[in-house]
Each structure stands twice: as structure tokens, then as C-alpha cells.
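S.K.: no FASTA, just this:
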DNA sequence: AATAAGTTTCAATAAATATTGAAATTTTAA
DNA sequence: TTAAAATTTCAATATTTATTGAAACTTATT
């Protein structure tokens, strides 16, 4: 396989993976592109490489900056902005995990906490509901804690986690 | 909050959570509904409760059965089919994890394994690409292993994992 | 074997999401 | 200031994904 071909396939695959794990396709692709680029890239270069519009590039670059995984860079004597990705693979995963917990899991937990305390009602159906929602609340809550624990170990968290799980 | 209201809100929330974690909204809602129901439900009942069409109910029930988290039940003297969910919360999460690994992570890994061995090329860009794709391959591969380890502990895997991560 | 009850399929449609492109805005250099 | 360069915004459009509903099919009953 030639380099150009390999690169394109990589960008496609990483985009698809990203869109399945909570960040959209273009965002994942831009991030991937910046990751593998030796130098920081201008918006033009990103547009060109991924064949996307200016608006799309602008919005998704901002998105990545909001997520804290891409940074702006200014080159001396140059007017335009350049972008570079956080070089650390782990930090991408960590930030996705944190963000998803905040945006999805925590809000869902609040609702679960709420509904499991509905005005009591002695019917069989209501009793089972209470039981199950309590169980689900516990489960989601534990899963969220687990995610936090995995991801908050400072470095090499995947390796560390696997090690601990060996025992 | 009244029971009916609590139930509806629960079904909504669980559906939203599901759709963010790789199973579609209706599927997650049907599963949730079956989980909290004391008795198994007919397709009619599912349609009625969630206000969805027959086709939708049929396809998503089949999907849940394919995933192995919902079962058909036949009541003596009754012609229609009834459905009940696996009562175990853990098994839902376990099956989602297994399925996602199989459908998304493993295929992506195959591509990564492939592209990182492109026909070598001494340019700076190509060298960095090689380095990063190798790194990403390692990362995804470890993450997949970790997911497998977490989920393959037989019972109480979340609790066990949290315990191990405490040390 | 005919018919009614129940289920599945799938083309058509709707809903949700992502992308474009050009006008409006902001920034910088002369 | 002014004007060119760069970026952002957002209504229009395209794409993707989910849902409907009715015809086709399957299964059970008489």
C-alpha cells in the first residue's frame, strides 16, 4: 500500500470509530489528521486534505478546541491560525470519557434518582418498577465511578488497569 | 410524581442513554419496558405502551433477541408471542460490550494493523504517520483487551473492577 | 383446504444530523 | 481609517438513520 492510500484509509477508519464513540466523524478525522502531521496545519490545509467546506472546518476545529484536545498556534509573521493536536493518545480518550460522563451519564443519573422516588403506589407493577430503577441507578452509578477511576490514574492508565485486572 | 409519569420519563431517559451507547432508541426503550414489567408482554402491548408501529416493534424485538437479551415466550392456549427481558442488568452491559468490540473495535484494529505497514517511505510525514498509527494500534488494542477483561469476570464485575482499581 | 390471527418485510416517508457556501463579522497590516 | 485576509455564523441543503404501514408471508384453527 502506498503512503497516500494508507493515510486516507486511516483517516476514514478513525473517523468511523470516532463517530461510534461520541465525537462526530469530521471532528475525529480532523483530530486524526492533526495527530499524524509533523507540523501544525492551517484551516485551508485541513479543508484541502479532508475535502470539507470552510464552515465545516471552522465549526469542528472550534469543537475540538472546546474539548481541549486541539490548540491554536500562531506562526510569527503569519496572519492565519494554525492548529495542532494534543500529541498524547491517552489524553484524547480521557477527555472523551470525562465529557461523556458529564454530558450523558450524569444527567441520566439525575433522572433515574428522581423517578425511583415517585409517589409510592402498592401495585405489583409499581413495586417492580421501583426495584428495577433502583437497580439500574446503582448500576449506572457504579459504571460511572468505574470510568472515572480508570481514566483518572495519571499515566499509562490502560496498562495499569489491565495489570490490576489480571490479579 | 405519579407512577405513570415516572415510568414514561424513565423510558425516555433509558432510550436516550441507549442510543448514545450503541443500541438504538427504540430498542433500548423496549428493553427497558420489558425489564420493568412484571409479566411478559405481547407485541401489541409494546406498541401501545411506547406508541410505535407494528413494523418498528417487530424489527426491534427481533434485534433484541439477536443480541440475546430478550426471549420469546409462548403462553398455553394463546396464539401470540410474548416477550420478556433478561432480568439481569449486568448481562445487558456485557452483551453490548461484546457486540461493540466485535462490530466496531476489531474491524478498526484490522485496518490499523494494515495501514501501519504501508510501503515504507523515508519522508518526515510518513515516518510520523508510522509512529502514530503504531501508537494508536497499541492503544485501541489495549482498550479492547481491557474491555474484555472487565466484562468477562463472571458476576458483579463492576463492583469487582472498582475494588481492584482501589488498590 | 380455507380462513383467520399473528408476524415479517420493505419501499416510502419522516426525523435527526451533518455539511455547504456565501454573507456578516472580526482581525491585522498598511 | 481603510481594505484585504481570515474566520465565524447560519439558513438552505444533503446525507444518514429511524419509522411507518400495508402487502406478503407464516402459522394455527376449524
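M.R.: Okay, I see it. This one's a predicted model, so the numbers in the text were calculated from it and none came from an experiment.

S.K.: nearest residue to the middle of chain A?
M.R.: To find the centre residue of chain A, average its C-alpha atoms and take the closest one (CA atoms, centre = their mean): that gives residue A:96, at 2.6 Å.

S.K.: show me the domain layout of chain A.
M.R.: Per the record, chain A has its domains at A:3-85, A:89-166, by automatic domain parsing.

S.K.: the residue of chain A positioned farthest from its centre and residue A:151, how far apart?
M.R.: Of all residues in chain A, residue A:122 sits farthest from the chain's C-alpha centroid, using CA atoms, centre = their mean; the distance is 42.7 Å. Distance, residue A:122 to residue A:151, by CB to CB, to the nearest Å: 43 Å. (C-beta placed from N, C-alpha, C; glycine too.)

S.K.: do residue A:166 as well
M.R.: Distance, residue A:166 to residue A:151, using CB to CB: 19 Å.

S.K.: these two: who's more crowded?
M.R.: When residue A:166 and residue A:151 are compared on other CB atoms under 10 Å in any protein chain shown, the one with more neighbours turns out to be residue A:151, at 18 against 8.

S.K.: correct me, but that one touches residue A:99?
M.R.: No. Counting by CB atoms under 8 Å, residue A:151 sits too far from residue A:99 to count as a contact (10.9 Å).

S.K.: what helix or strand is residue A:32 on?
M.R.: helix A:25-36 (DSSP states H and E).

S.K.: how far off helix A:25-36 does the lowest-mean-pLDDT helix or strand in chain A point, in degrees?
M.R.: Sorting the helices and strands of chain A by mean pLDDT, DSSP states H and E puts helix A:89-100 at the bottom, at a mean of 90. Between the axes of helix A:89-100 and helix A:25-36, defined by axes from the mean of the first three to the mean of the last three CA atoms, to 10 degrees, the angle is 150 degrees.

S.K.: ok, residue A:34 touching residue A:87?
M.R.: No. In this structure, residue A:34 sits apart from residue A:87 without contact. The criterion is CB under 8 Å, and the distance is 9.4 Å.

S.K.: next one: the residue nearest to residue A:117 when sequence neighbours are not counted, what pLDDT does it get?
M.R.: For residue A:117, the nearest residue in space outside its immediate sequence neighbours is residue B:1; the separation is 7.8 Å by CB to CB, 6 or more residues apart in numbering or on different chains. Predicted confidence (pLDDT) at residue B:1: the value is 83.

S.K.: what about residue B:1, how many neighbours?
M.R.: Taking other CB under 10 Å as the definition, residue B:1 ends up with a neighbour count of 12.

S.K.: what sits against the residue nearest to the centre of chain A?
M.R.: When the contact criterion is CB atoms under 8 Å, 6 or more residues apart in numbering or on different chains, the partners of residue A:96 are A:21-23, A:67.

S.K.: got it, and residue A:24?
M.R.: Counting by CB under 8 Å, 6+ apart, residue A:24 makes contact with A:18, A:60, A:63.

S.K.: before we move on, back to that, ok, the residue farthest from the centre of chain A to residue B:4 distance?
M.R.: 15 Å.

S.K.: quick one: the residue farthest from the centre of chain A is in a strand?
M.R.: No. Assigned with DSSP: H, G, I helix; E, B strand; the rest coil, residue A:122 falls outside any strand and is coil.

S.K.: buried sites along stretch A:58-68?
M.R.: A:60-61, A:63-64, A:67 (16 or more other CB atoms under 10 Å in any protein chain shown).

S.K.: and DNA strand D, is it touching that?
M.R.: Yes. If you take CB under 7 Å from any atom of the strand as the test, stretch A:58-68 does meet DNA strand D, through A:58-59, A:61-62.

S.K.: of those, which is the nearest to chain B?
M.R.: For these, the minimum distance to chain B (CB to the nearest CB) is 19.2 Å, reached by residue A:61.

S.K.: how many other residues sit next to the closest residue to the closest one other than its chain neighbours?
M.R.: Of all residues beyond its chain neighbours, the one nearest residue A:61 is residue A:83 (5.9 Å), with distances taken as CB to CB, 6+ apart. When neighbours are counted by other CB under 10 Å, residue A:83 registers 23.

S.K.: any residues touching the helix or strand residue A:83 falls within, and which ones?
M.R.: In this structure, residue A:83 is located in strand A:81-85 according to DSSP H and E. Strand A:81-85 is contacted from outside by A:31, A:34-35, A:37, A:39-43, A:46, A:61, A:64, A:69-75, using CB under 8 Å, 6+ apart.
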